[in-house]
Every structure is written in C-alpha cells, then in structure tokens.
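1. How does the following fold in three dimensions:
(2 chains)
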Amino acid sequence: MGSTLTLVAFWILFVLVVASALAVVLLRNIVHSALYLVLSFVGVAGIYILLEAEFLAAVQILVYVGAVSVLLIFGVMLTRRGNIRQSNLFNAFSLAAGVVSLALCVLIILALARTPASLPLGSWPVDTVGALAEAFLGPFVVPFEVAAILLLVGIVGAILIAREVKEDK
Amino acid sequence: MLDALLSSWGLPLWAVTTIRALVYLLGVLAFVFLNAIYLIYLERKISAYMQQRLGPNRVGPRGIFQSVADAIKLLCKEDIIPREADKWVFLVAPIVIFIPAIMVYAIIPFGPGMIAADLNIGVFYFLAVASTTTIAILMGGWAGNNKYSLLGAMRTVAQMVSYEIPLVFSILGVVMLVGSLKTSDIVAAQKEIWFILLQPVAFLIYFIAATAEVNRGPFDLVEGEQEIIAGPFTEFTAMRYALFYLSEYTNLLSVSALAVTLFLGGWQGPWLPPWLWFIIKVYIMILLFMWVRWTFPRIRIDHLLQFNWKFLLPLSLVNILGTGIGIKVYQALMTGGW
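-> Residues are numbered from 1 along each chain as shown, chains lettered A, B, ... in the order given. Take a look at the predicted model:
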C-alpha cells in the first residue's frame, strides 16, 4: 500500500489518540472521560495495525476495549454521585501537577532521543502469531509462566474477597 | 479481477484499494440488511408456528412484507431523546453497536475466494471486534437515564464478559487442530471431515456461549421484557431502536456464519455452488438458534453465571487438554506406524 496512505492514516490516528486522551483528562463528566479512554485505546490499536502488528492490535481491542474499559465504565457507573456532570473535577494543585507532567514529558523525550531508532534488518515474519507463540513457549517461557502465576493469584484473591462479603451477610 | 479492471482504467493504487474496500463494504451491508429483514420475518413465523399462532399474514403473500412495512414505520417515527438523557452518548450508542456488527463480516469466507480480508489473525479478529459490542450496550443503557436500562446494561457486562471466555476456549480447540487462525485455512482443513465430528464438545460450548453472546433466549436477560421492559434499549425510539434491533440479527447471522466456518465445513459441499452451501448451512444454524429460543424458558442471572463459571469453563478447559493429547497421540500413531 502507498506510504502516503499510511501517513494519512497515521495522522488521523494520532489526532484521534491525542484528542481523546486530552478529553479523558479535561472533561467534567467522568463517564464521558471513560468513553473517550475507550476511543483512545481503539486509536492505539489502529497504530499497531499500521505497524503490521495485527495480533497485538487484536489483543489491544479484546483486552483493553472489550474487557478493561468495560469494567472501568462499570465501576464508574456504580459509584455514581449526585451530580454526574461534575464528577471529574480539578483541584487546587494544577500548578504542581503541571510541573510534574512537564518534567515527565522532558524525561520521556530525552529517553526517546537517546534510543537508537533503527529498524531491525532482514525480513519480518509474515505469520506473527506463530512467531509469538514460539517466543512465549521457547526463550520467554519463564516470564510467561510468572505472568500466568500473577494472574492466578489475582483470580484467587478476587474469589476470596467475594466469599468474605457473602459470609458477612 | 476487480483490481485488474480498475487498474486498467488508469486509477492509482490507493484509489483501487479504496474502491475495493467500498465494494466489499457495500456487499456486506446488502447481505446483512436483506438477511436481517428476512430473519425478523422468519423469527416471527417460527415463534408463531411453535406457539400455534399464525404470525404476520397481512402484508403481502403470507405476510412476507411485514418486516419491510415495520422498517418503513420505524424510519418515519419521531426520534425522541429523553430530557434527562446524556444526549451525545445516547445519540452515538446505536451507531457504535452497529460498527463491530458489520466489521466482523470481513473475515467470513462466503465461498472460495469470497472473503473481504483473509487476515492472519482471522478468528481472533472476529472475537476481538465482537467483544466491543458490550461497550455500545453499556452506553445505551447508561445514557437513557432509566433504572431498567442501567439494570440491563449491568446484566450485559456480567453475561457477555463471562461467556466470552468459554467462547474463545471452544474456538481454540478448532484452531489447535488446524494450526492457523486464518478462516480460509480452517475451511480448507475441513475438506475430509467437518470439525463438528472431531470437536463435538467444542461445538456445543460454542453454541451455548454464542447464544449468550448475542443475548438470545434462554439467555436474553439483557432485555428480559417481563422484568426490565427492553433493558438497555428501553428509552430508544424510531430508527435508533431499529439499529439495536438490526444489530441483534446481524450478530445472530455472524455467529451462525462463524459456526459454519469453524465446525460445519464452511462453503464445502457436493453438487451445489459453494455460496449456496454456505447460506444453507448458515440458515440451519439460525433455525437451531431460533428453535432453542422459543423452546427454553429464560434462566435467572445467578444460574446463568454459575452455569458459565462452574460448568462451561471447566468443560472447555478439559476439551482443550483432550484436543492437545489427541493431536499428539494421532501424530505418534501416524509417525510410529502401529
């Protein structure tokens, strides 16, 4: 596909991601913020597709858009206060927050500038799914299993909490 | 073919790509709309048959134009937005629900070569895109500012997020057999034997989980009309309500098409042309879904979730384990030669 088309798609996605991320922070209604967060996740998935990482894009959609953000919105809706239009408020520390964010921004830009941004030479794997699976169960099997144990601990914890609430009643 | 024709007119590559994408989109839209309109009529006729009624029989021969008349009526109705509603979310929700419903058709192989995008991640793409439907229903349920809508939306989350897990695991059995997520590969692998014979348990799990995913009876708690009116769709009127309704049938069609692709050999079959085989199989699946809907009573939400977590999920895990062992044993038999 033409590189101009890719570039156009990239800029559209860029505007989408950044604008919706800003909306997450700036909007007063926290449910709207959560919905814009979803839009931002979708934009990131789009950028993954542009980088030809389709599997990662699908994971992004399935995990972040389909599950994480749903739970997030769900949580927000359950903690509904009297006036939802004023639920995502600003406090008096906007100056301090601005300084911290600026410092973080500078740090990230510095780190990016110092990283050599060279593409790996040679051919890309056409079938990313198979390559990923072999990497997970081959050289990276220990981190993969550790992450699995972490998830298991999380699940057991959730079940324990649910049980205790039931017994109290 | 289309590419070559367009290129011969001297169009640049990006224009060819765009036009091709638009043609695919129009094709899918036409297929979906025509089928959805017919499915609504079919469902009313079948439910009538099962309940010993006549069903729609006034508009056209045997009432065949009833859905068309309904669609025109819904188009002409006033679009009411509740005063206390969250206006933008309310307006956008019906559109959001329709986007994934259409997008999933990109990977359905309607026949040899008749596939909009033969992605590497095929089936996984379907699952990922379909999972976003939850958000649209949540948006619709929240925005209406109605307690029944919100109740329905919460049920959606509990139900759809839970049933997604056995759905994915049941598909994994098929993917393990084929060794590819591409839908075209999956159909090609079923030339000798359909996967419903090799993976009967996976097919059952898929069928149950898919029924829950598209919110159809006996799992239609999301809009259980005797309890919460129409759930998340309560406050919607006119075309917005129609879009929700339409997306429900679009999803029914797409899960049936995926079931055919995964378990029933896709477009493969003797004598008849492949696309006809595909449509016949899809309609068999749809009739199965409708039969179940009008046969079983609705189950309670806690039973629904218990059934999922304590029965379907362990069963699907056992199925994956069994499939893995089966593949290894088969390989040993083929190479060991005894």
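2. Convert the C-alpha atoms of the helix or strand hosting residue B:88 to CSV, please.
-> Of the helices and strands defined by DSSP states H and E, residue B:88 is found in helix B:87-103. The C-alpha trace of helix B:87-103 is given here as CSV (Å, rounded to 0.1, in the frame of the first residue of the first chain):
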residue,chain,number,x,y,z
LYS,B,87,-27.5,13.4,24.9
TRP,B,88,-24.4,12.6,23.0
VAL,B,89,-23.8,9.1,24.4
PHE,B,90,-27.5,8.4,23.7
LEU,B,91,-27.2,9.6,20.1
VAL,B,92,-24.0,7.7,19.4
ALA,B,93,-24.7,4.4,21.1
PRO,B,94,-26.9,2.8,18.3
ILE,B,95,-24.2,3.7,15.8
VAL,B,96,-21.4,2.3,17.9
ILE,B,97,-23.2,-1.0,18.3
PHE,B,98,-23.6,-1.4,14.6
ILE,B,99,-19.9,-0.9,13.7
PRO,B,100,-18.5,-4.1,15.2
ALA,B,101,-21.6,-6.0,14.0
ILE,B,102,-20.6,-5.1,10.4
MET,B,103,-16.8,-5.2,10.9
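3. packing partners for the following helix or strand past it?
-> Using DSSP H and E, the next helix or strand after helix B:87-103 towards the C-terminus is helix B:122-131. If you count contacts as 3 or more CB pairs under 8 Å, 6 or more residues apart in numbering or on different chains; DSSP states H and E, helix B:122-131 packs onto helix A:54-59, helix B:87-103, helix B:147-178, helix B:183-189, helix B:238-263. Every C-beta, even on glycine, is put in place using the N, C-alpha and C of the backbone.
4. Could you point out which of those sits nearest residue B:139?
-> Judged by CB to CB, the one of these that comes nearest to residue B:139 is helix B:87-103, at 4.1 Å.
5. Is residue B:46 in contact with residue B:286, as I believe?
-> No - taking contacts as CB atoms under 8 Å, residue B:46 lies outside contact range of residue B:286: 9.7 Å.
6. Looking at the two, which has the bigger crowd around it?
-> Neighbour count, other CB atoms under 10 Å in any protein chain shown: between residue B:46 and residue B:286, residue B:286 has more, with 23 against 17.
7. how about the closest residue to that one other than its chain neighbours, what does it touch?
-> Counting by CB to CB, 6 or more residues apart in numbering or on different chains, residue B:286 lies nearest to residue B:256, which is 5.0 Å off, once chain neighbours are set aside. Residues near residue B:256 by CB atoms under 8 Å, 6 or more residues apart in numbering or on different chains: B:282-283, B:285-286, B:289.
8. ok, the residues you listed vs chain A, which is closest?
-> residue B:289 (22.5 Å; CB to the nearest CB).
9. Tell me which helix or strand that closest one sits in.
-> helix B:274-293.
10. what does that helix contact?
-> Here helix B:274-293 makes contact (CB under 8 Å, 6+ apart) with B:39, B:42-43, B:46-47, B:109-112, B:114, B:207, B:210-211, B:214, B:216-218, B:220, B:252-253, B:256-257, B:259-260, B:264-269, B:272.
11. Pull it out as PDB, backbone CA atoms only.
-> The C-alpha coordinates for helix B:274-293 follow below in PDB (Å, rounded to 0.1, in the frame of the first residue of the first chain):
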ATOM      1  CA  PRO B 274     -20.200 -23.100  -2.600                       C
ATOM      2  CA  TRP B 275     -22.000 -19.900  -1.700                       C
ATOM      3  CA  LEU B 276     -25.300 -21.700  -1.700                       C
ATOM      4  CA  TRP B 277     -23.900 -24.400   0.600                       C
ATOM      5  CA  PHE B 278     -22.700 -21.600   2.900                       C
ATOM      6  CA  ILE B 279     -26.100 -19.900   3.000                       C
ATOM      7  CA  ILE B 280     -27.900 -23.300   3.600                       C
ATOM      8  CA  LYS B 281     -25.600 -24.100   6.500                       C
ATOM      9  CA  VAL B 282     -26.000 -20.700   8.000                       C
ATOM     10  CA  TYR B 283     -29.700 -20.900   7.900                       C
ATOM     11  CA  ILE B 284     -29.600 -24.400   9.500                       C
ATOM     12  CA  MET B 285     -27.600 -22.800  12.300                       C
ATOM     13  CA  ILE B 286     -30.000 -19.900  12.600                       C
ATOM     14  CA  LEU B 287     -33.000 -22.200  12.700                       C
ATOM     15  CA  LEU B 288     -31.200 -24.100  15.500                       C
ATOM     16  CA  PHE B 289     -30.800 -20.800  17.400                       C
ATOM     17  CA  MET B 290     -34.500 -19.900  16.900                       C
ATOM     18  CA  TRP B 291     -35.600 -23.400  17.900                       C
ATOM     19  CA  VAL B 292     -33.700 -23.000  21.200                       C
ATOM     20  CA  ARG B 293     -35.000 -19.500  21.800                       C
END
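12. Going by neighbour count, which residues in it are buried?
-> Of all the residues in helix B:274-293, those buried under the rule 16 or more other CB atoms under 10 Å in any protein chain shown are B:274, B:277-279, B:281-283, B:285-286, B:289-290, B:292-293.
13. quick one, it and helix B:238-263 angle?
-> 110 degrees (axes from the mean of the first three to the mean of the last three CA atoms, to 10 degrees).
14. what mean pLDDT does helix B:274-293 have?
-> Computed over helix B:274-293, the mean pLDDT rounds to 87.
15. mind listing the helices for chain A?
-> A:3-26, A:30-50, A:54-59, A:69-78, A:94-114, A:128-137, A:141-168 (DSSP state H).
16. tell me how far the fifth one is from the chain's mean position?
-> Think helix A:94-114. Distance of helix A:94-114 from its chain centroid, counting by CA atoms, centre = their mean, to the nearest Å, is 19 Å.
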